[in-house]
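Participant: only geometry, no sequence info:
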């Protein structure tokens, strides 16, 4: 399952995401991963059991590159049950939605195939977001 935490910048998405990460870490039967462009910002708020993945040193520039990054994380740990992604637009270096729908579709296929839940924070206005984003909003 792929779910999106949507809202404009400064609406508390990261705080809500961290709460979800910590809740998942408490109940998950596998490993929980938190992905961000700067994990240092959140490292003191997230339970130590959660695996942190920082993207800033990899120079990711597209959704397809980021999908490869995610697949690399999954390939080295078969016990992952949850992946939380904070600030998708910061990670890929653009707030363009070009390619985002395809990225979500491919992520959904991975989710179904490997039974991994994804939650992604997306800085977009809920009222003007495309339907494919609204349909995945939590």
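Facilitator: Now that the structure is in, tell me what you want to look at. Computed from a predicted model, the values in this text were never measured in an experiment. Residues are numbered from 1 along each chain as shown.
Participant: can I assume residue 122 sits in a strand?
Facilitator: Yes: according to DSSP: H, G, I helix; E, B strand; the rest coil, residue 122 belongs to a strand.
Participant: now do the contacts for it.
Facilitator: By C-beta atoms under 8 Å, 6 or more residues apart in numbering, residue 122 lies in contact with 4, 5, 6, 13, 88, 89, 133. Backbone N, C-alpha and C define where each C-beta goes, glycine included.
Participant: ok, the closest residue in space to residue 13 that isn't next to it in sequence - contacts?
Facilitator: Leaving aside its chain neighbours, residue 13 sits nearest to residue 121 (4.2 Å; criterion: C-beta to C-beta, 6 or more residues apart in numbering). Going by C-beta under 8 Å, 6+ apart, residue 121 touches 4, 5, 6, 13, 14, 16, 17, 85, 86, 87, 88.
Participant: and of the residues you listed, the nearest to residue 66?
Facilitator: Distance to residue 66, by C-beta to C-beta, is smallest for residue 88 among those, at 7.7 Å.
Participant: could you report the neighbour count for that closest one?
Facilitator: Residues near residue 88, counting by other C-beta atoms under 10 Å, number 22.
Participant: is it correct that it is in contact with residue 124?
Facilitator: No: with contacts defined as C-beta atoms under 8 Å, residue 88 does not count as touching residue 124, sitting 9.7 Å away.
Participant: what's the residue nearest to the spatial centre of the chain in contact with, if anything?
Facilitator: Nearest to the mean C-alpha position of the chain, by C-alpha atoms, centre = their mean, lies residue 85 at 2.0 Å. For residue 85, the contact set (C-beta under 8 Å, 6+ apart) comprises 35, 36, 91, 118, 119, 120, 121.
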